[in-house]
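S.K.: give me the fold of what follows.
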Amino acid sequence: MTRSTLAGGKSQQFTILNIDTIFNFYKPKPPLSKFVDNFWLYEGYEPERKTERILPTGTLELAINLRQNELRFYDAERPENCSRFSGAIVSGASGRGLTPDTAEEVFIIGVHFKPGGAFPFLGLPAGDLADTHVDLETLWGPFAGRLRERLCEARTSTERFQLLQEALLSRLCHGVEQHYSVSAALELFGKNQAGPRVREAAKYLGLSQRRFIQVFKAEVGITPKLFSRIQRFQQTRTVIQHNPSINWADLAVDLGYFDQSHFIREFLEFSGLSPTDYINRHKSFIEPDIHVERYHLPHF
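M.R.: Numbering: from 1, shown residues only. This is a model prediction of the structure:
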């Protein structure tokens, strides 16, 4: 187990601002490492601000609130719309933004699945959970409630991570294999942020376009086209955070956008901000005279 300040990192969905936080994370060993990127444990309190909007990553997350048996989310486009769930949920892959409610003290443990890694634990196609959250009890029955109780009673992070690991191992559907086209497509998208066109990828993989989309969505949770767009957006976001003076037109070409206007539209769709506004907002929270770390937290 590592106790670390994660700035950047693999989970880049949202940032809690003006909050001094440290969270633990744990890298599981095989066989879970094939499906899970990391376990995380976050504790913090933000009385005055809401968190930044959750940014899509194309992955699923399991989250369990250890403070109270409830999790709340607001629609990023309609802040007045609040959705309430139990304290243990699975968050499906999404192409739109949400805002978690952190008006109260938060103590949450979670599982950040790799792309396509959640489906052996769900008992249903990952695509059925797209753009939504579902109570873990709906998927796992009473086992979910007992797990949350044991996690709440645990005294150390090490003990909590061990409990979570054992729970996932007990729910792992052995013999469930990722379709060859999904693993191959994820590799293709990883090598090229622009990604091949869906039709071209399907042909390369020896499937009809319809069949390829079907198996990819069932295991990853969203269509291959949307997944590829989200991965390119996340790559774009990383690049401009580290190079705020970059030439927009050159960046658009390098990352496979049709042109600069296409790049701006895509960025606005996924972040709610133009690239320039995003950079300015990012700068405003990392001024050198503010001695507070910023952390990118996993999606819940």
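
S.K.: quick one, phi psi at Phe35?
M.R.: Phe35 has phi and psi values of phi -110, psi -30 when expressed as degrees, to the nearest 10.

S.K.: ok, now which ones touch the closest residue to it other than its chain neighbours?
M.R.: Nearest residue to Phe35, sequence neighbours excluded (C-beta to C-beta, 6 or more residues apart in numbering): Gly117, at 3.6 Å. For every residue, glycine as well, the C-beta is placed using N, CA and C. Listed by C-beta atoms under 8 Å, 6 or more residues apart in numbering, the contact set of Gly117 reads Lys34, Phe35, Val36, Asp37, Thr59, Leu60.

S.K.: repeat that for Lys114.
M.R.: Counted by C-beta under 8 Å, 6+ apart, Lys114 has contacts Lys34, Phe35, Val36, Asp37, Thr59.

S.K.: go ahead and confirm the third one touches Leu169.
M.R.: No. Applying C-beta atoms under 8 Å, one finds Val36 not in contact with Leu169, separated by 10.6 Å.

S.K.: so these two - more neighbours on which side?
M.R.: Val36 (22 against 13; other C-beta atoms under 10 Å).

S.K.: which stretches of the stretch 51-200 of the chain aren't confidently modelled?
M.R.: Applying pLDDT under 70 to the stretch 51-200 of the chain flags residues 51-53, 74-80, 97-105, 192-195.

S.K.: all helices for it, in order.
M.R.: Here the stretch 51-200 of the chain has its helices, by DSSP state H, counting those that start in this stretch, at 119-122, 136-140, 142-153, 157-171, 180-191, 198-205.

S.K.: and Lys203, how far from Ser181?
M.R.: Separation of Lys203 from Ser181 (C-beta to C-beta, to the nearest Å) stands at 11 Å.

S.K.: more neighbours: which of these two?
M.R.: Using other C-beta under 10 Å as the criterion, Lys203 and Ser181 rank with Ser181 on top: 20 against 14.

S.K.: what's around Glu200, how many residues?
M.R.: Neighbour count for Glu200, taken as other C-beta under 10 Å: 12.

S.K.: oops, could you answer that again for Arg67 instead?
M.R.: The tally of other residues near Arg67 (other C-beta under 10 Å) stands at 13.

S.K.: just grab the bridge partners of the nearest residue to it once chain neighbours are set aside for me.
M.R.: Leaving aside its sequence neighbours, Arg67 sits nearest to Phe107 (C-beta to C-beta, 6+ apart; 4.5 Å). For Phe107, the beta-bridge partners are Glu43 (DSSP bridges).

S.K.: which of the contacts of Gly117 count as buried?
M.R.: By the neighbour-count criterion of 16 or more other C-beta atoms under 10 Å, these include these buried positions: Phe35, Val36, Asp37, Thr59, Leu60.

S.K.: next step: those residues restricted to strands.
M.R.: Counting by DSSP state E, those place Val36, Asp37 in strands.

S.K.: which of the buried ones among the contacts of Gly117 lies closest to Leu66?
M.R.: Among the buried ones among the contacts of Gly117, Val36 lies closest to Leu66 (C-beta to C-beta), at 19.1 Å.

S.K.: and the closest residue in space to the closest one that isn't next to it in sequence, how far from Leu62?
M.R.: The shortest distance from Val36 to any residue other than its chain neighbours is 5.1 Å, reached at Pro28 (C-beta to C-beta, 6+ apart). Distance from Pro28 to Leu62, counting by C-beta to C-beta: 13 Å.
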